[in-house]
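Asks: okay, predicted coordinates and the sequence, questions at the end:
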Amino acid sequence: IKGGVLVIHNAKFDIGFLNSELKMANMPLIEIQKTIDTVHLAREKIPGAAASLDALCKRFEIDLSLREKHGALLDAKLLAEVYLQLTGGRQSSLSLEQEHTDKSKKVINKEEPKLDNLTFIEATLTEQEKEEHTEMINKINSSLWLK
């Protein structure tokens, strides 16, 4: 965790336990400022709603069928899904359209993106880069580039 930010559900509670163990092991403590508390985040984003991990999973339609009891690895995976939803959700598609709202007419106009000012850079690969690329592609199962 050195140099990282921890995403924790109910950070104040967990940090207390973690820091107690770290203190006994004579290791540096975790600063609460270096955490993202998903309970706090949920209460900001969805005021008044339940903020338990189960409740948030149900709200965001995240599969809880494997969760019979609390388990660190499964809870971490579920929390990662919840965190993605709380911070904007998964990107379901890619659209290059730009929407502009004219508030006086309450109409949304969709325009194609302007490509006038794009700069294209042409790059030439070295033989070593080509070999490394081929090696990487060969490691990927069912690669589209090998067909």
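Replies: Arrived safely. A quick note: this is a predicted structure, and the numbers were derived from the prediction, not measured.
Asks: and residue 56, how many neighbours?
Replies: Per other C-beta atoms under 10 Å, the neighbour tally for residue 56 reads 26. No exception for glycine: its C-beta is placed from N, CA and C like everyone else's.
Asks: before we move on, what SS does the closest residue to it other than its chain neighbours have?
Replies: Nearest-residue entry for residue 56: residue 82, 4.7 Å, with adjacent residues in sequence omitted and distances by C-beta to C-beta, 6 or more residues apart in numbering. Going by DSSP: H, G, I helix; E, B strand; the rest coil, the secondary structure assigned to residue 82 is helix.
Asks: pretty sure residue 82 contacts residue 58?
Replies: No. The criterion here is C-beta atoms under 8 Å, and residue 82 misses it with residue 58 at 10.5 Å.
Asks: looking at those two, which has the bigger crowd around it?
Replies: Neighbour tally, residue 82 and residue 58, criterion other C-beta under 10 Å: the higher count belongs to residue 82, 23 against 12.
Asks: list the contacts for that one?
Replies: Applying C-beta atoms under 8 Å, 6 or more residues apart in numbering to residue 82 gives the contacts 9, 38, 42, 53, 56-57, 60, 62.
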